[in-house]
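> Kindly return the folded structure for what I paste below:
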Amino acid sequence: MKKLFLIGMTCWGLSASAQLRQTGDFIYLKSDSIVHAEWVQLRPSFTGDLQLRADSRRFPLSRVKFFNNEDGFFAVIHDEFLTREPDFAERIIEGKINVYEKVSYTPYHPDFGYHRRFGRSHGVDVSRYYNKSYQDVQRLRYASLSKDLADNPESMQFLTMYRKNVTTSKVLYGTAVASLITSLILFVADQKKLYNSSSNPWNSNLRPSSNGNITGGLVLMGAGIGLAGAGYLVGQSANGHLENAVDAYNR
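Here you go, the predicted structure:
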């Protein structure tokens, strides 16, 4: 009897696992029902709103949670108050923790067909989301992700490194912007002094300080560009730590 029970539980587990790991083209609705189809594509409706087509059936995006087609697996990101068109996020890491990255779609064009823009931003502030299984996706933030990864020390170590790098990258970007703005102010002040000097040739004391403004502006501009580059590199390192944290948890 005990063996039969264990066999039954094993079969149930395999069945549940297969149900969670869907293949082929399908739409996962908010009602947690799954619609399989030969093909799933994004199309505009007669009113201009985007909708999903599953063969001959139509599904407004307000009903859709996820969909899978030849382009990949996507989550539909709905505005909290449903006041605008939803966004799309493509799953880039699959496992116990799924990670999604926001992408842009172009509407269907009769000359080119359905297609997706592949350009992505890889900076620190790129919109990323995550979830477990088919749960609702949420913004990928340290506070929420650290709760879900708390039972894996290796993941938490990488996540802490990610947080430090993100903070450092934002500080570098902020300092770079401040340096560039200050250099612009110095250049404007320099041009103003040159104009005043040319309109008043008897006042020669304006020229030396003008040269100082140019030098200071160039130094600050160079520093700003260098800091922005450093911020980008640190941001890329942060993304690597984030990926390592999720991979460690998914192993």
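
> Who are the contact partners of residue 76?
Contact analysis of residue 76 by Cβ atoms under 8 Å, 6 or more residues apart in numbering lists 61, 64, 65, 66, 67, 86, 87, 88. The C-beta positions use only the backbone N, C-alpha and C, and glycine is treated the same way.

> tell me the least confident of those?
Minimum pLDDT for the contacts of residue 76 is recorded at residue 86 (82).

> so it makes contact with residue 78?
Yes: using Cβ atoms under 8 Å, residue 86 is in contact with residue 78, at 4.8 Å.

> residue boundaries of the strands in the stretch 51-200 of the chain?
All strands of the stretch 51-200 of the chain, identified by DSSP state E, counting those that start in this stretch, fall at 57-60, 64-69, 72-77, 87-93, 98-105, 116-117, 128-131, 138-139.

> Name the surrounding residues that touch the second one.
This points to strand 64-69. Under the criterion Cβ under 8 Å, 6+ apart, residues 22, 24-30, 39-41, 52, 73-76, 134, 136 lie in contact with strand 64-69.

> Need the buried ones from those selected in ChimeraX.
A single ChimeraX command is used to select the members of those judged buried by 16 or more other Cβ atoms under 10 Å:
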select :25,26,27,28,40,41,52,73,74,75,76,134
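
> Among the contacts of strand 64-69, which are located in helices?
Nothing among those maps onto helices, per DSSP state H.

> Counting neighbours, what do you get for residue 61?
If you count neighbours by other Cβ atoms under 10 Å, residue 61 ends up with 21.

> And for it, nearest residue in space, chain neighbours not counted?
Spatial nearest neighbour of residue 61, excluding adjacent residues (Cβ to Cβ, 6 or more residues apart in numbering): residue 86 at 5.1 Å.

> Count residues in the vicinity of that neighbour, would you?
Neighbourhood size, residue 86 [other Cβ under 10 Å]: 15.

> With the one 4 residues further on instead?
Neighbour count for residue 90, taken as other Cβ under 10 Å: 17.

> how about it, what does it touch?
Here residue 90 is in contact with 71, 72, 73, 74, 100, 101, 103 (criterion: Cβ under 8 Å, 6+ apart).
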